[in-house]
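>>> Next one to model:
(chains A and B, ligands or ions: 2)
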Amino acid sequence: MKTSRRDFIQKASLFTGVFTLGFDWFSADASAMEVVASTGRFNAFLSIDNLGKIILYSPNPEIGQGIKTAFPVVVAEELDVDWAQVQVEQANLDTKQFERQLTGGSGALKHSWDRLRKAGATVRKMMMQAAADQWKVDIAKTKTSKGFVLGPAGQKASYGSLAEAASKLPVPSEVTYKDRKDYKIIGTRVKGVDNKNVVTGKPLFGIDIRKPGMVFAQIVRPPFGATLKSFSADDVKKMPGIIDVVSFKNKVAIVGSTTYAILQARASLRCDYSSDAPLESTETHQKWFDEGMKSDKAQVMRKDGDFSAAIAKAVKVVEATYECPFISHSPMEPMNFFADVQKDSVLLAGPTQVPQPAQKAVSDLLKIPVEKIQLEISKMGGGFGRRLNNDFVLEAAELSSIIKKPVLVMWTREDDMTGGIYRPAARYHFKAGLDASGEIIAFYLRGVGINAGNSTRQDNFPVGAIENVLIESFDQKSAVTTGPWRAPITNFLGFAEQAFLDEVAELAGKDPIQMRLALLEKVKTKPVGKITYEPDRFEEVIKQVAEKAQWKKKPGVHQGFSVYYSHLSYVAQIAEVKVENGKPKVTKVTAVTDCGEVVNLSGAENQVKGAIIDGMGHAMFAKLSFQAGVASPNNFNTYRLIRGNEIPVIDAHFVNNGIAPTGLGEPALPPTGGSIANAIYAATKKRQYKQPFS
Amino acid sequence: MAINCTVNKKKVSLDIDPNTPLLWALRDHLSLLGTKYGCGIAQCGACTVWVNGEPMRSCVLPISAVSNAQITTIEGLDPAGKHPVQVAWDELDVPQCGYCQAGQIMTAAGLLKNNPHPTDQEIVDGMSGNICRCGTYHRIQEAVKLASKKIKK
Ligand code: FES
Ligand code: FES
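Numbering: from 1, shown residues only, chains lettered A, B, ... in the order given. Ligands and ions are numbered 1, 2, ... in the order given. From the prediction side, this is the model:
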């Protein structure tokens, strides 16, 4: 079924005797050329054998963001082959072939755009050269179409028939890319390459991993901040299907032959915990927010002009405080990982967004060199940032090394929701001062985060358009583990900023869209300090969304506006709210996205809609609190996720301006809370200051 | 005592704890891995299978309750992927991560079996018991509609 890369090279050399280039093939050095003569791999991203089989390799973990389809689309376009001709495979972790084998930060396409195009275009040129040599014509007289090279006298040769000759040619140092008007695949609707396997229920995910001799395990983790004192395992060990009960790092692992046996055993396991200090609760966190807001130890993240002097002169002042709770990532597939630790080698398999750090961390933990640690990347049932933290990989590896068996560690939903790594909690305080004409002359933000690092994004618009700015951040350490959550920090901060600007516009008596456009004009004419965004691209999405959603031109419809720049993409939104039985209901969200070139329109739409639904669901419903170091709720009966009968119509548009593609998995999320909160205000005159909205 | 039932048209005999939820019997004892675990408490629908033709949540259904029953899982819906719901799912490119989709498809196919031409509201209501964390709800609803059209032909 799945062929590992090593397998592939062996098979390819057996069957086809064709060629590859190593990762450093761009430099085409002698050692790279040697590899050429032994396998069917032209470069890291593609192989063509002499039977015409084209395989495109997608190096980055697929978490539902569509990378496994989007990457090969770019290679296939420049290679100039029919999409139906190619086969796509997930590459396993291979640090020699690939540079950035991870998923996170919406950065994959941005990073790889040129590499992917070059991978395709280079091989296309080599095919043309091979044909030109064969036909004794100038390469300039040849062209390609759908996997064939065409000659001036009507000659025609398939890539497969040219593969061997092409692979012996020197790698061209310069290639030209297609003009985007000639694109045949990029920008069209390409269906997910895994669709067929998904709809027929093939075992693709981490929890589907089965290996010879494998056992199952679940791990009982302590409340945050607590130490495991003792546990009673004697009875549990005697239960049917239970193989072992072991403890490590304050955790107790129950190892068994089936999931149900382990679930039953867990019900009988008793663990005693102790702690030196009182365990954290939501009240503790509230106290920390209060203290952090008053603290004189906040770090200054950005300072333009003199905020204090300017605010003292302001004619009107507006202030608001927003509160961001801890929330769980809750990907549909709970955490899990497979590990088989042998004396001096390790096999890891499963869903991680960051396989290379996983390999390294396991190497450090077990003192086994990375070369001896193989990692197979499985498909992931969602990530949303949770799988950037390899805690579950380390647990599996440690447990396998203790029990000396291959093991699949499974988290229940309750484990997944209470076992750690949350979106950091934060409180934000904004303050803005206006002069007599309603211009913003002073702008202040303090973010107090809990395990958030810098909870602000100090260079965010409208910073850059205002003379006097002060942005501060204060971080409080906590026993509750946190990590990036889809669109880290901005997933909430975006709402707070955009809701606050709506209040500012109201106080200034300005239209929220006109106010932003005027601020952007200032950035262009009189920029203040460092500018990290492009005002023209901002303007474009704003103008387009206003037109598409008919801003303020729909009588009886309550609209709210927001716009956000994150992960190098720009998204403007207008949300519409209707009041039904006295309650606001979000009926529609119009979004205009500038993510540069749209590689796969179907995937892009899916990402934008999914991110808006995600942003809306968590803004409206998600609620998590802590009592004595334990999070609650712990499952979907009480932790409410948005459902199919709660979604608005989403009208998603793309600027598609041909600029190198930027992130799309995240950028449509941050503006969502803001557009919705502002529309709710338009409908009800009630501002939203925390999540979940009330 | 062993429990006998039919899974995807094959007779099987399960000599295991009769309280074992069908989900784990399918996954751990019959190696049918297409049916997914999402919550274990009948909230998300990821584990939906058919029991005697009716969509059920296998995570809370003990195998003692399916004695002599006919069970259909995603693997048995149409292994070639030609069921109108599967075709519609691919055509409209519904999946993101794909994890919830086996449950969505079994729910949708069950819905259309009982009501081949549902109204938009019936589709929304019929599908809202299944969570998709990736938020593919629009396409799920459109795909049920498309599948319904395919059935008409
Ligand atoms: S796993 Fe059965 S409904 Fe969620
Ligand atoms: S496609 Fe990911 S949970 Fe539905």
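>>> list the contacts for the closest residue to residue A:57 other than its chain neighbours?
Nearest residue to residue A:57 in three dimensions, chain neighbours excluded: residue A:91, at 4.3 Å (CB to CB, 6 or more residues apart in numbering or on different chains). For the C-beta atoms, the positions are set from N, CA and C on the backbone; glycine is no exception. Residue A:91 sits next to A:5, A:44, A:57, A:58, A:59, A:97, A:98, A:101, A:377 when contact means CB atoms under 8 Å, 6 or more residues apart in numbering or on different chains.
>>> For residue 57, give the beta-bridge partners.
Went with chain A since none was named. On the basis of DSSP bridges, residue A:57 takes part in beta bridges with residue A:89.
>>> try chain B instead
Using DSSP bridges, the bridge partners assigned to residue B:57 are residue B:48.
>>> Is residue A:218 in a helix, a strand, or coil?
Secondary structure for residue A:218, judged by DSSP: H, G, I helix; E, B strand; the rest coil, is strand.
>>> number of nearby residues for it?
Residue A:218 has 21 neighbours, counted by other CB atoms under 10 Å in any protein chain shown.
>>> Next one: residue A:119 relative to residue A:97, how far apart?
In this structure, residue A:119 lies at 11 Å from residue A:97, with CB to CB, to the nearest Å as the measure.
>>> Which residue of those two possesses the greater neighbour count?
Using other CB under 10 Å as the criterion, residue A:119 and residue A:97 rank with residue A:119 on top: 27 against 20.
>>> where does the more buried one fall, phi/psi-wise?
Its backbone dihedrals place residue A:119 at phi -60, psi -40, with angles given as degrees, to the nearest 10.
>>> Pretty sure it sits against residue A:41.
No - using CB atoms under 8 Å, residue A:119 and residue A:41 do not qualify as a contacting pair, with a distance of 11.0 Å.
>>> Now look at the longest helix seen in chain B and say if it contacts ligand 2.
Longest among the helix segments of chain B by residue count, using DSSP state H, is helix B:137-152. No - looking at helix B:137-152 against ligand 2 by CB under 6 Å from any ligand atom, there are no contacts, and the closest approach is 8.3 Å.
>>> for that helix, packing partners?
Judged by 3 or more CB pairs under 8 Å, 6 or more residues apart in numbering or on different chains; DSSP states H and E, the packing partners of helix B:137-152 are helix A:601-620, helix B:84-91, helix B:101-114, helix B:120-127.
>>> Which residues are in contact with each of residue A:119 and residue A:97?
When CB under 8 Å, 6+ apart defines a contact, the residues bordering residue A:119 and residue A:97 alike are residue A:44.
>>> low-confidence ranges in chain A?
In the predicted model of chain A, residues A:1-40, A:99-100, A:102-108, A:110 satisfy pLDDT under 70.
>>> Point me to the residue of it nearest chain B.
Of all residues in chain A, residue A:201 sits closest to chain B, with a separation of 2.3 Å (CB to the nearest CB).
>>> Relative to ligand 1, which residue of the stretch 301-450 of chain A is the closest?
Relative to ligand 1, the nearest point of the stretch 301-450 of chain A is residue A:413 (7.7 Å; CB to the nearest ligand atom).
>>> what separates the most centrally placed residue in chain B from residue B:112, distance-wise?
Nearest to the mean C-alpha position of chain B, by CA atoms, centre = their mean, lies residue B:106 at 2.7 Å. When CB to CB is the yardstick, residue B:106 and residue B:112 sit 11 Å from each other.
>>> just residue A:635 next, same as before
Note on residue A:635: its distance to residue B:112, by CB to CB, is 29 Å.
>>> after the helix or strand harbouring residue A:229 comes which helix or strand?
Counting by DSSP states H and E, the secondary-structure element that holds residue A:229 is strand A:227-232. Scanning forward in sequence from strand A:227-232 by DSSP H and E, the next helix or strand is helix A:234-238.
>>> Against which helices or strands is that following helix packed?
Counting contacts by 3+ CB pairs under 8 Å, 6+ apart, the secondary-structure elements packed against helix A:234-238 are strand A:242-248, helix A:259-268.
>>> which of these sits most buried?
Mean neighbours per residue, mean count of other CB atoms under 10 Å in any protein chain shown, is largest over those for helix A:259-268, with a mean of 20.
>>> Specify the angle between it and strand A:227-232 in degrees.
For the pair helix A:259-268 and strand A:227-232, the angle between their directions (axes from the mean of the first three to the mean of the last three CA atoms, to 10 degrees) equals 110 degrees.
>>> What strand or helix carries the residue lying closest to residue B:11 once chain neighbours are set aside?
Closest residue to residue B:11 apart from its sequence neighbours, by CB to CB, 6+ apart: residue B:4 at 6.8 Å. Here residue B:4, judged by DSSP H and E, is contained in strand B:3-7.
>>> mind listing what that strand pairs with, with the direction of each?
Based on DSSP bridges, the pairing partners of strand B:3-7 within the sheet are strand B:10-14 (antiparallel), strand B:70-72 (parallel).
>>> Same list (these) but as a markdown table, adding mean neighbour count, mean pLDDT and distance to ligand 1.
Formatted as a markdown table, these follow (neighbours: other CB atoms under 10 Å in any protein chain shown; pLDDT from 0 to 100; distance: least, CB to the nearest ligand atom, whole Å):
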| stretch | mean neighbour count | mean pLDDT | distance to ligand 1 |
| --- | --- | --- | --- |
| strand B:10-14 | 13 | 97 | 19 |
| strand B:70-72 | 21 | 98 | 15 |
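>>> Good, we can wrap up now.
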